[in-house]
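Student: quick one, structure for this:
(3 chains)
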Amino acid sequence: MIIHGTRLAIEKRLIPSSSAFIVIPFISIFLALLVGSVFLYFSGHEPAAVYLKMFKGAFGSRYGITETVVKAIPLTILGLGVALAFRMQLWNIGGEGQLYMGAFAATWVALTFPAGSAWWVMPAMILLGMLAGGLWALLTAVPRALWGVNEIITTLMLNYVAIFWVDYLVYGPWKDPAGFNFPLTAVFSEAATLPGLFDSRIHAGLFFGVAAAVILYMVIYHTRWGYEIRVTGENPAAARYAGMNTTRNILLVMMLSGALCGLAGMCEVSGIGHRLQHGLSPGYGYTAIIVAWLSRLNPFAVIPVAILFGGLQVGGFMVQTSGIPSSMVYMLQGLLLFFVLGGELLTGYRLTRLPAAGEAIK
Amino acid sequence: MSVPLLVEMVGITKKFPGVTANDRVDFNVREGEIHVLLGENGSGKSTLMSVLSGLYRPDEGEILINGRKRNLRSPRDAIKTGIGMVHQHFKLIESFSVAENVILGGDGTPLVLNKKDIENNLAQLSERYGLSINISAMVWQLSVGEKQRVEIIKMLYRGSQVLVLDEPTAILTPREAEELFENLRRMAAAGRGIVLITHKLNEVIAIADRVTVLRRGKAVATLDKKEINRRDLAWLMVGQDVVFQSRKKNPPGSEKVLELQNVNCHSDLGLSGLTDINFSVYKGEIFGIAGVAGNGQRELAEVVTGLRPVNGGKLLINGKDVTGLSPRRIMDHGVAHVPEDRLGTGLIPNLNAIDNLIIKDYRRELLRRGPLINRRTARINAQRLTDRFEVSLRSLEAPVKLMSGGNLQRLLLAREITSQPHLLIAVYPVRGLDIKATKAVHDLLLEQREQGMAILLISEDLEEIFKLSDRIGVLCGGRLAGIIPAEAADVEEIGLLMMGSDKAGDTAS
Amino acid sequence: MNTNTDIIIAILATAVTGGTPILYAALGEILAERAGVLNLGVEGMMLVGAVSGFIMALHMSNPWAGLLMAMLAGGAMALIHAFLTITLKANQVVSGLALTLFGTGLAGYIGKSYVGVRLQDSFRAVPIPVLSDIPVIGPVLFSHDPLVYLAYFVVPALWFLVFRTRAGLNLRAVGENPAAADSVGISVFRTRYLYVILGGMLAGIGGAYLSLHYVPVWVENMTAGRGWIAVALVIFATWNPANAIWGAYLFGGLDALGLRLQTLNVTVSPYFLKMLPYIFTVLVLILVTRRNMLHRIGSPKALGIPYDREER
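Tutor: The predicted structure follows:
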């Protein structure tokens, strides 16, 4: 995007420059860390040392990097799902619940067919995981499409229902008799386990994440349906006028969004825990919302942002030994989001060049 | 001057990104006069009054109220100094009552609200000035003329000395406009100063004691009543002689492109929107729909484009029954639509020109590659269209919300016309455009008519309707009050029909 | 006395106490939304109110000091959201979510060393003489702690404010049509800031109720989604403070019912009971939204849209 002009002025910008999109996030990260350091300082810690430890923990060792990637995988897939919904102004806060339902469905396959072969068990888990997530999202999409029921609240409420449903299963009928009474199921068979990569905890879900990003990018920017989504999200009235079926699109988008979140759930139980258990997700569904927003809903940007947040989580875990609670990670995430939101306004006011009054551009 | 000046604006300059709306403008208002502010769209008259009413802060210049220099930092300041503005777009709260709207933010409004007392007081106030209104009615229930009266009462309640009205007759019938002018004369006689913003020459002649003409942000001249005549005013406004010419009219042909038979539909409130509409539009003619806004125009446009369901009756395009079909299907039958809100239903502000231009064609063969969109073809297409229709924009990739009104309309027309429709529905097509852009749009429409397109033109501007239409239909209260060939029509008759007075009119289709 | 009646009375009484934190939070959100600002940070504000009130009460050995602190903390949190959405005109949905996230983290962080600590100087039940002896109604309504009684006054007071005073008229105007309010000299900025912060203070009280009386122990995430139920309750109450009260008690009752059923050896998994309030919220929301649609009752028209005066 080029701005032609003859004058310099500090005035309201007409077109935000592309450099702002890169610079603002970095400034926001810096400011968030700065404010975070105030809290750290006042509770008796040395901020620089803490941050350094976090960074080293996340990226400074083989273990750290693999753990960061491990966390980045579900964040990527969830982030893609959430970003898709956000594009149509559908605020899917239910990623967490859709993840749990996907995990539940995948577990059902694994536990019901412990002797099945990988050729069909794995695809079945993927398929049912996505289906479960998609249907869980559909439960909120239908009232939204038909009656305009606020999806923020309905998706959020269903999160709690999904989590309790899984709790019911792992504390009850699905509890592993050999599990010392812990809230978890029996371990999955080989066939139901996603293969590991690089001799680490990183699993094949990595490919799902990357593939999903590529596919989603193609869909949004190069297909007709993606075009419809972009138009509908920007202007439902114009979409209607152009003959786009908004109701159908709401349902499809939410289902796809939920399906992706369900896929993330399947990855977690199949690739990481190898079983269904209480507390299977440390709030990935919520973190994914921030990831999606910070990526400006761009599928390719989701990957690096997810890695950043994965690193944040790992680093935060590492510094727990210094007595810093894991909730600090949430604080930093919240602060980061604050500064990014605040920074968005700045892209509208900058040193800019304006055309002289009356000048016509041909 | 021996007559005291209520308001004096000296050297006012106001700039916005990319444009200077007011350029060192001088303007004053005497006690007891009606001073008209005349200029075409974009001349800066609304901006000037927004500065006076405290909505905008001037970059340069000063304002004197009753001889004292004032710094108006907000609408509140302006109201306190006695400036009362009645906006073109009402600043009323639809879900509140008339009384609640009037007392909102007023200094005299009590801390605890007693409905009865308040309503009684206001009823007395409105009677004193002959402004009839139901004080306890909800604003959404009122007619446009009544809503305007509420705005005026709001200002009187606050003891305004100077009343500024922004294009007040834009949404009134000729009869209501007369009533308004009577009320204004009464208020001026009582010592108030009235500023009337307009772009209509006949209003100046009807009511002005003085007139100031603005053009492109500058005050060009201030004339006294005796100096006023149409020719001079037009010249001052536009900078060149405007010739009032009438164009050759086409008689109705034989090929019916659009036909409505006994069409009825609901309005948004569930009441009757359109009742028993019967008319046809033929190939190569412009059928103008005249009428005060809010009498079914929106419903008519929506019915013909398929955006609103029909409750009885039939809709035919080129002889085929399309009643009940979706907007997309009707579009496929060759119907194009330039809607009321350009940056609403028409164009999508945040998307770029390329994305906006393909909104109708993105399913067609030329632009697709299976489920994909052929972006290269789309771009070439967009370049071609913007060149042909002389749409000036910074870049094809920039969001269209940055374009000017005239260019937006050109873009919209480009998109609609190139789909080579049989029928084009143009709703208020030149609203908010300056003279040059208006001429360009009108020329485009006439050009398409010559090439055989049927055009349904819906407009509030009688001058435009008369200039372009071959036949004129008058919409009043959701019914077609009459259909008249343009040559046989005169303004008074149309005005009466718009008001609902029954003339044994023809119902010829 | 009939033990069944006893049980019902006990449930109703718990409905009142269980609903009170949600009530305060919902009242606060009603005010903010009436001004046109959507604040989804209720959960975060409640938690910060809960933890800061708890710590203050612990150190001052006085729950009232804690309450005051909670109000200030909630208000301060709301101020962040107000600044972002009103001054900087940022997206209200995302800002609210960020506030919840930050608030949850902040509360967990500050409260780390207080987890599991019990507050001795909590609000105690103060039965009102005479009134609390009335059969049924007495124990249900008049045998509670001061904050419940306070709510009995706050609800009608807020209703009066919103619908019968000049300030309330201004508030509603700002939420319906800020341009109209601006044109008659009402400061949209100030009004929105005021009521968003006030909303935060009320949310703080709601959170403090949990840590200072209901469960006077600090536990991380002790609001367990009540903030979100409060947001739903605002729609349920059609933005009218008077309606909020019985909606809040209804949700409180569901919570209470769940707990009681457990003790009655009802053989339903406790997890299904835990699900109840959330499922109920969804169903109610659907019903209410449909009803609102039919009767053309709506949210304040300018809800969620930032106001820019020099918009051209």
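
Student: and the residue of the stretch 101-250 of chain A closest to chain B?
Tutor: Relative to chain B, the nearest point of the stretch 101-250 of chain A is A:Gly243 (2.4 Å; C-beta to the nearest C-beta). Every C-beta, even on glycine, is put in place using the N, C-alpha and C of the backbone.

Student: elements contacting the strand or helix carrying C:Leu261?
Tutor: Secondary-structure assignment from DSSP states H and E places C:Leu261 in helix C:241-263. Contact here means 3 or more C-beta pairs under 8 Å, 6 or more residues apart in numbering or on different chains; DSSP states H and E; on that basis helix C:241-263 packs against helix C:3-34, helix C:146-164, helix C:226-236, helix C:270-294.

Student: would TSV of the ones you listed with mean pLDDT and distance to A:Gly233 be doable?
Tutor: Below are the helices and strands packed on helix C:241-263 laid out as TSV (pLDDT from 0 to 100; distance: least, C-beta to C-beta, whole Å):
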stretch	mean pLDDT	distance to A:Gly233
helix C:3-34	90	24
helix C:146-164	94	34
helix C:226-236	88	23
helix C:270-294	82	21
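
Student: among these, which comes closest to A:Tyr100?
Tutor: Ranking the helices and strands packed on helix C:241-263 by distance to A:Tyr100, with C-beta to C-beta as the measure, places helix C:270-294 first at 12.6 Å.

Student: so the closest one, near chain B or not?
Tutor: No. Counting by C-beta under 8 Å from any C-beta of the partner chain, chain B has no neighbours in helix C:270-294; the shortest distance is 10.6 Å.

Student: in that helix, what's buried?
Tutor: Within helix C:270-294, the residues that qualify as buried are C:270-271, C:273-282, C:284-286, C:288-289, C:292, counting by 16 or more other C-beta atoms under 10 Å in any protein chain shown.

Student: out of those, who's near chain A?
Tutor: Filtering the buried residues of helix C:270-294 for proximity to chain A (criterion: C-beta under 8 Å from any C-beta) leaves C:271, C:274-275, C:278-279, C:281-282, C:285-286, C:289.

Student: pLDDT below threshold where in the stretch 1-150 of chain C?
Tutor: Screening the stretch 1-150 of chain C residue by residue with the criterion pLDDT under 70, one finds the ranges C:1-2.

Student: show me where it has its helices.
Tutor: Using DSSP state H, counting those that start in this stretch, the helices found in the stretch 1-150 of chain C span residues C:3-34, C:42-60, C:63-82, C:92-110, C:137-141, C:146-164.

Student: quick check: chain neighbours aside, which residue is closest to the residue of the stretch 101-250 of chain A closest to chain B?
Tutor: Beyond its immediate neighbours in the sequence, the residue positioned closest to A:Gly243 (C-beta to C-beta, 6 or more residues apart in numbering or on different chains) is B:Arg328, lying 2.4 Å away.

Student: repeat for A:Ala239
Tutor: The spatial neighbour of A:Ala239 that comes closest, neighbours along the chain excluded (C-beta to C-beta, 6+ apart), is A:Thr232 at 4.1 Å.

Student: can I assume that neighbour sits in a helix?
Tutor: Yes. A:Thr232: assigned to a helix according to DSSP: H, G, I helix; E, B strand; the rest coil.

Student: so how far is C:Glu33 from it?
Tutor: Here the criterion is C-beta to C-beta, to the nearest Å. By it, A:Thr232 lies 26 Å from C:Glu33.

Student: quick revisit: got the helices of the stretch 1-150 of chain C as JSON lines, with distance to chain A and mean neighbour count columns?
Tutor: Rendered in JSON lines, the data for the helices of the stretch 1-150 of chain C read as follows (distance: least, C-beta to the nearest C-beta, whole Å; neighbours: other C-beta atoms under 10 Å in any protein chain shown):
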{"stretch": "helix C:3-34", "distance to chain A": "12", "mean neighbour count": "23"}
{"stretch": "helix C:42-60", "distance to chain A": "8", "mean neighbour count": "29"}
{"stretch": "helix C:63-82", "distance to chain A": "7", "mean neighbour count": "24"}
{"stretch": "helix C:92-110", "distance to chain A": "3", "mean neighbour count": "26"}
{"stretch": "helix C:137-141", "distance to chain A": "27", "mean neighbour count": "18"}
{"stretch": "helix C:146-164", "distance to chain A": "22", "mean neighbour count": "17"}
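
Student: reformat those as CSV; add distance to A:Leu280.
Tutor: Compiled in CSV, these are given as follows (distance: least, C-beta to C-beta, whole Å):
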stretch, distance to A:Leu280
helix C:3-34, 28
helix C:42-60, 21
helix C:63-82, 30
helix C:92-110, 19
helix C:137-141, 41
helix C:146-164, 37
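
Student: tell me if I'm right that the residue nearest to A:Gly243 and A:Ala242 touch.
Tutor: Yes. Under the contact definition of C-beta atoms under 8 Å, B:Arg328 touches A:Ala242, with a separation of 7.2 Å.

Student: got the residues of chain C near chain B?
Tutor: Taking C-beta under 8 Å from any C-beta as the criterion, chain C approaches chain B at residues C:164-167, C:169-170, C:172-173, C:176-177, C:179-187, C:301, C:309-310, C:312.

Student: rerun at 7 Å
Tutor: Within chain C, the positions lying close to chain B (C-beta under 7 Å from any C-beta of the partner chain) are C:164-166, C:169-170, C:173, C:176-177, C:179-186, C:312.

Student: in ChimeraX, how would I select just the buried ones from these?
Tutor: The following ChimeraX selection, which keeps only the buried ones among the residues of chain C next to chain B, applies the criterion 16+ other C-beta under 10 Å:
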select /C:166,169,170,173,176,177,179,180,181,182,183,184,185,186
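
Student: just the residues of chain C next to chain B: which are in strands?
Tutor: Secondary structure of the residues of chain C next to chain B is defined by DSSP state E; no position falls in strands.

Student: contacting residues for residue 198?
Tutor: In the absence of a named chain, chain A is used. The neighbours of A:Phe198, taking C-beta atoms under 7 Å, 6 or more residues apart in numbering or on different chains as the test, are A:Thr66.

Student: was after chain C, sorry
Tutor: Contacts here follow C-beta under 7 Å, 6+ apart; on that basis C:Leu198 touches C:28, C:31.

Student: what angle sits between the helix or strand hosting A:Trp293 and helix C:92-110?
Tutor: Secondary structure here is read from DSSP H and E; on that basis A:Trp293 sits in helix A:284-294. Using axes from the mean of the first three to the mean of the last three C-alpha atoms, to 10 degrees, one finds that helix A:284-294 and helix C:92-110 are set 130 degrees apart in direction.

Student: return the distance of the helix or strand following helix A:284-294 from the chain's centre.
Tutor: Moving toward the C-terminus from helix A:284-294, the first helix or strand encountered (DSSP H and E) is helix A:299-318. Between the centre of helix A:299-318 and the centre of its chain there are 10 Å (C-alpha atoms, centre = their mean, to the nearest Å).

Student: now the closest residue to B:Phe96 other than its chain neighbours: how far from B:Asn101?
Tutor: By the measure of C-beta to C-beta, 6+ apart, the closest residue to B:Phe96 outside its immediate chain neighbours is B:Val139, 6.1 Å from it. Note on B:Val139: its distance to B:Asn101, by C-beta to C-beta, is 6 Å.
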